[in-house]
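A.B. asks: The sequence isn't on hand, but the structure is:
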Ligand SMILES: NC(=O)c1ccc[n+]([C@@H]2O[C@H](COP(=O)([O-])OP(=O)(O)OC[C@H]3O[C@@H](n4cnc5c(N)ncnc54)[C@H](O)[C@@H]3O)[C@@H](O)[C@H]2O)c1
């Protein structure tokens, strides 16, 4: 793997969800190194201070901050957006990165299955609430960008429109896969809406590959052992995993380009089902209702 080269991004502002750990941390640090003002949106308050000062130190960029946002709570997401908007900053890049994987059956504060509620619906609402700022910050030739982190797991995912909360039969793997599939459908639909209204905002999906992070904490111990021993061989480092997100966020060749599934800094096809306009629309409408936002048509 060869580290890509990206141009400096002074005077641009980014929000990275889950930027205190793993791929999100590496992404936040990379964007800070490019000169962006980076806001880490996360629930890992315990690590926030240390992470922020580490990034500042290593990148010599002072404009790095942490703002609390629990994506498993719609109210917390709304509070985060209010606090962010009080800063009167533009927003050029939103990276929907945070996530959990294969957690036992649990519910978010609003009663949604955790993978669906946190990984998907939380980012759906966050993006919706930040869209006006993104629209106002993009301009011709320099679009604002929404980057949503999905996973190859989406290829084996199924979207159960009749049972999005996996109530009839809970499988941690299927629930994770469904949330990552929903994120792809969401990004494509969002891109079409943005293009149709002529706004200078694009939406793409980033697939980081298999990356050595703590995301695997709930996975079978044997797999964990393989990760510990062979990570150097089989897994990307968090820094390498972050390249695709950073590429989607700043690469000049992606200016004005949206609705793509990006892997290893290249466009590739996602699951066939994700291109179904009908399913995109159905999920979008249901999500508007669940998240309590307008625009369900
Ligand atoms: N690691 C991999 O191999 C891999 C592969 C494909 C996709 N991904 C995706 O990459 C993204 C980042 O994962 P990672 O591997 O860095 O995992 P990680 O566990 O290291 O980091 C996940 C981040 O999400 C945050 N988060 C969790 N719950 C939250 C909540 N309720 N509110 C706000 N933030 C919350 C955590 O605090 C953490 O910062 C995820 O979306 C994951 O699905 C990872």
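C.D. replies: Received the coordinates, thanks. Since the model is a prediction, treat every value here as computed from it, not as a measurement. Numbers count the residues shown, from 1 in each chain.

A.B. asks: Every contact and neighbour count from this point should use C-alpha atoms.
C.D. replies: Will do.

A.B. asks: Quick check: residue 148 is in a strand.
C.D. replies: Yes. Per DSSP: H, G, I helix; E, B strand; the rest coil, residue 148 lies within a strand segment.

A.B. asks: and it, what is it in contact with?
C.D. replies: For residue 148, the contact set (CA atoms under 8 Å, 6 or more residues apart in numbering) comprises 95, 96, 97, 183, 184, 187, 203, 204, 205, 206.

A.B. asks: Go back to these and keep what's next to the ligand.
C.D. replies: Among the contacts of residue 148, the ones lying near the ligand by CA under 6 Å from any ligand atom are residue 97.

A.B. asks: Residue 112: what's its closest spatial neighbour, skipping adjacent residues?
C.D. replies: In this structure, residue 112 finds its nearest non-sequential neighbour in residue 165, 6.2 Å apart by CA to CA, 6 or more residues apart in numbering.

A.B. asks: moving C-terminal of the helix ranked longest in the chain, what's the next helix or strand?
C.D. replies: Longest helix in the chain, counting residues (DSSP state H): helix 172-197. Using DSSP states H and E, the next helix or strand after helix 172-197 towards the C-terminus is strand 201-207.

A.B. asks: Tell me the pLDDT of the residue most central in space within the chain.
C.D. replies: Residue closest to the mean C-alpha point of the chain, counted by CA atoms, centre = their mean, is residue 96 at 1.9 Å. We have a pLDDT of 99 for residue 96.

A.B. asks: who's in contact with it?
C.D. replies: Contacts here follow CA under 8 Å, 6+ apart; on that basis residue 96 touches 16, 17, 123, 146, 147, 148, 149.

A.B. asks: check contacts around residue 13.
C.D. replies: Going by CA under 8 Å, 6+ apart, residue 13 touches 36, 37, 38, 39, 89, 90, 91, 92, 93.

A.B. asks: rerun that using 10 Å as the cut-off
C.D. replies: Contacts for residue 13 (CA atoms under 10 Å, 6 or more residues apart in numbering) come out as 31-32, 35-39, 63-64, 89-94, 137, 144.

A.B. asks: right, and the helix or strand after the worst-scoring helix or strand of the chain on mean pLDDT?
C.D. replies: Of all helical and strand segments in the chain, the minimum by mean pLDDT, DSSP states H and E falls on helix 221-234, at a mean of 79. Note on helix 221-234: by DSSP H and E, the next helix or strand toward the C-terminus is helix 238-250.

A.B. asks: Average pLDDT for that following helix, rounded please.
C.D. replies: 97.

A.B. asks: For the contacts of residue 148, give me CSV that also has distance to residue 2.
C.D. replies: Shown next, in CSV, are the contacts of residue 148 (distance: CA to CA, whole Å):
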residue, distance to residue 2
95, 23
96, 24
97, 22
183, 28
184, 26
187, 27
203, 25
204, 22
205, 21
206, 18
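
A.B. asks: Understood, closing this out.
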